[in-house]
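> Here is my input, please return the structure:
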Amino acid sequence: MKSRFIIPILSLVWLAAGATSLLVGRGEWAHAVWMTGVVLLGAPIVFQTLRKALRGRFATDVVATLSIVGAIALDQPLAGLVIVLMQSGGEALERFAEGRASAAVRALEEAAPRIAHRVSAERIEDIAVGEIAVGDELLVRPGELVPCDGVVTHGDSELDTSSLTGEAMPVRATVDSLVMSGTINGYGALHMRATAVAKQSQYERIVEMVRTAQASKAPLQRLADRYAVWFTPLTLVICAVAVAVTHDWMRALAIVVVATPCPLILATPVALIGGINRAARRQIIIRNGGALEQLSRVDIAVFDKTGTITVGKPRLQHVHASPGFDAELVMRYAASVEQGSSHLLARVLVETAEQRGLVWPRAEQHVEAPGQGVLGIVDGHEVRVGARSFVLPHCEAGVLAAAALEHPGATLRAYVAIDSKLAAVIEYADETRPDLPGVLSKLKRAGIHRVVLLSGDHAPIARAVAERVGITETYGDLLPPEKATFVERLRSEGRGVLMVGDGVNDAPALSSADVGVALAGHGGGVTTEAADVIILIDALDRVTDALAIGSRTMRIARQSIRVGLGLSGVAMLVAAFGGLPPVIGAGLQEAIDVAVILNALRSSTEPLIGPRNSRGETPRRRTRGDEHDQAVSHVRRVSAIRA
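Got it, this is the predicted structure:
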């Protein structure tokens, strides 16, 4: 049993025990049982309120504490025990809604490089990354993490920098290339000279950025406490006036009993739990009530590019064939030699050829220059596919022929030569999500007045993608700390910032934002730990769903609070004129609480908001089988993220 529910459960037990004694004709026993209960169970609440008051914190529990103390002093234990139940039960619900703390820093540290291979005159020794000194010569074997920032002194390879930049395309690493810790070495061994110790390298900076961002976030003032700022003093003033006029302390107790802010205590956590459950049915995990409340307050959306705005994988956009060459024939020959390559663009070309139903002969004498291109013989023709520097030097008038085929808007290209003649230039593009226009339109309707695109990719490429989707504010060539700094600058201007990303490189910015949203459809890892909201499927429109759920939940919570406080206010006036004894007042307060809870529970229901999918269709009603399948899928995804 969770410790937070002990006092509410014991309160129910004491109330039931007293009621049983009363039913068997032992009124004095009932009184003694209730008095014992309110003293023992109310003491922790009173002491907790006193500790907060000594620190200058006066919240919703002040009136509840006065009610408990007054009930004991005026020998009204039943009213006091009811207040104990509602106060402790509301706090338990609120803690339940808060959820668990993020493990972002721990997850990042677990993924950090651990071992380095230091090269000396005599041998290669394995050392902990913490032992690396500036100037050390290190060996990075294929498939290993680069242990610290440095410069390549010998070797040729490709680096997977997606953990830092978010970009899927590998980066060539040769002599004098700068390399950063946390990137993954590709096919070739690299010798490098350390230019920074591990604690000062790029990956460690990411860890520190996440740690600092989480520690510096100011705690969110509870919605209930914001209402308590004026409701608590008002209650005390009414009590003081009633006692001054009537000299009846029992009347004062009746006032504080009906004024006990149970609507404040109960409405918000009940609504938050309902909203969190509603989001989970849409494959959206909201970690805590604070994140749900912040979703209703953001007005700027910041997006990462690769994997967020785009699908994270290039697509073949166009084949520009030279005069005398057929585009389909070029595709067949290129796919024949590329199918043996592990390069990302090679895999895209082969997949596209398969989708188009092309069939190609087997390539012979296949040779690959890692990171540059491939060469082979197809149907007796020499076919060369790869980078500009790999293909054009072997073509007749290659540079002039390429200039006629290259389009200035292209971001990625591969060149194909057949028998020393440039046959085609193949253009690739980072494909944007098809539902993006609808998402941006919904964001605008949801009150997001500014959308920003951040990317670790080169600025011209980022701008080209942004223009394609209608985003006017774009920043490229950004490292993770720079993304986080940008987000922090927006927050310092008093804006509510929503950050959406999908990679380790986004973790500092997600932690820095008011609400960090991780797209975890393809795993998520560290990113999900740094985020406040996790979208379990690869669907960007769930971001707008989360915003809608946050806004609706907080609207219902505020409505419940206002109605509950309004009814409590009327009851206070009746009690002030002597129309409500304390016990009856406690019962009336319970009726108000039930009304507040029932209204707050609406946050878990399906709102009637019309079409929700990208085609404008209203989804069919779910059956119990649908809900079972969805629940199983949801549990599996959560388990995968936690694993």
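
> Residue ranges in the stretch 451-600 of the chain under the pLDDT threshold?
Low-confidence segments of the stretch 451-600 of the chain, defined by pLDDT under 70: 503-504, 521-529, 590.

> which residues in it form helices?
Along the stretch 451-600 of the chain, counting by DSSP state H, counting those that start in this stretch, helices occupy 459-469, 480-492, 507-512, 526-530, 541-576, 582-600.

> Turn the ones you listed into JSON lines, columns for distance to residue 415.
For glycine as for every other residue, the C-beta is placed from the backbone atoms N, C-alpha and C. What follows is those, written out as JSON lines (distance: least, C-beta to C-beta, whole Å):
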{"stretch": "helix 459-469", "distance to residue 415": "19"}
{"stretch": "helix 480-492", "distance to residue 415": "33"}
{"stretch": "helix 507-512", "distance to residue 415": "36"}
{"stretch": "helix 526-530", "distance to residue 415": "35"}
{"stretch": "helix 541-576", "distance to residue 415": "38"}
{"stretch": "helix 582-600", "distance to residue 415": "63"}
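
> tell me which element residue 37 is part of?
Assigned by DSSP states H and E, residue 37 belongs to helix 27-54.

> hmm, back to that, give me whichever of the helices of the stretch 451-600 of the chain is most buried.
Highest mean neighbour count of the helices of the stretch 451-600 of the chain: helix 507-512, a mean of 31 (counted as mean count of other C-beta atoms under 10 Å).

> Who are the contact partners of residue 316?
Counting by C-beta atoms under 8 Å, 6 or more residues apart in numbering, residue 316 touches 348, 349, 352, 426, 427, 428.

> Which of the three states applies to the first one?
Using DSSP: H, G, I helix; E, B strand; the rest coil as the criterion, the local structure at residue 348 reads helix.

> hang on, the earlier thing: which positions in the helix holding residue 37 come out as buried?
Going by neighbour count (16 or more other C-beta atoms under 10 Å), the buried part of helix 27-54 is 30-31, 33-35, 37-39, 41-42, 45-46, 49.

> what's the answer for stretch 356-373, then?
Neighbour count says stretch 356-373 has 360, 363, 366, 368, 370, 371, 372, 373 buried, by 16+ other C-beta under 10 Å.

> Assumed the third one was part of a strand.
Yes. With three-state DSSP as the criterion, residue 366 is assigned to a strand.

> Give the full set of residues in contact with the closest residue to residue 430 other than its chain neighbours.
Computed as C-beta to C-beta, 6 or more residues apart in numbering, the closest residue to residue 430 that is not its neighbour in sequence is residue 310, at 4.4 Å. Contact analysis of residue 310 by C-beta under 8 Å, 6+ apart lists 430, 431, 432, 433, 465.

> Against residue 455, how distant is the last one?
Yep, that's residue 465 we're talking about. 8 Å (C-beta to C-beta, to the nearest Å).

> returning to that earlier point: neighbour count, distance to residue 486 and pLDDT added to the contacts of residue 316, as TSV?
Output for the contacts of residue 316, formatted as TSV (neighbours: other C-beta atoms under 10 Å; distance: C-beta to C-beta, whole Å; pLDDT from 0 to 100):
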residue	neighbour count	distance to residue 486	pLDDT
348	19	31	88
349	26	35	90
352	18	35	91
426	27	35	92
427	20	31	88
428	22	28	85
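
> picking up where we left off before, shared neighbours, residue 465 and residue 455?
Listed as contacting both residue 465 and residue 455 by C-beta under 8 Å, 6+ apart are residue 305.

> picking that back up, with distance to residue 442 as extra columns, can I get the contacts of residue 316 in CSV?
Converted to CSV, these look like this (distance: C-beta to C-beta, whole Å):
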residue, distance to residue 442
348, 31
349, 35
352, 31
426, 35
427, 31
428, 30
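
> right, and out of those residues, which lies closest to residue 495?
Nearest to residue 495 among the contacts of residue 316: residue 428, at 35.8 Å, using C-beta to C-beta.

> pretty sure that closest one is in a strand, no?
Yes. Per three-state DSSP, residue 428 lies within a strand segment.

> Next up, the contacts around it.
Going by C-beta under 8 Å, 6+ apart, residue 428 touches 314, 315, 316, 317, 345, 348, 410, 411, 412, 413, 414.

> Which ones among those map onto helices?
Of these, the ones assigned to helices by DSSP state H are 345, 348.

> Which of the contacts of residue 428 are buried, as a PyMOL select command?
Here is the PyMOL command that picks out the buried ones among those, judged by 16+ other C-beta under 10 Å:
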select buried, resi 314+316+317+345+348+410+411+412+413+414
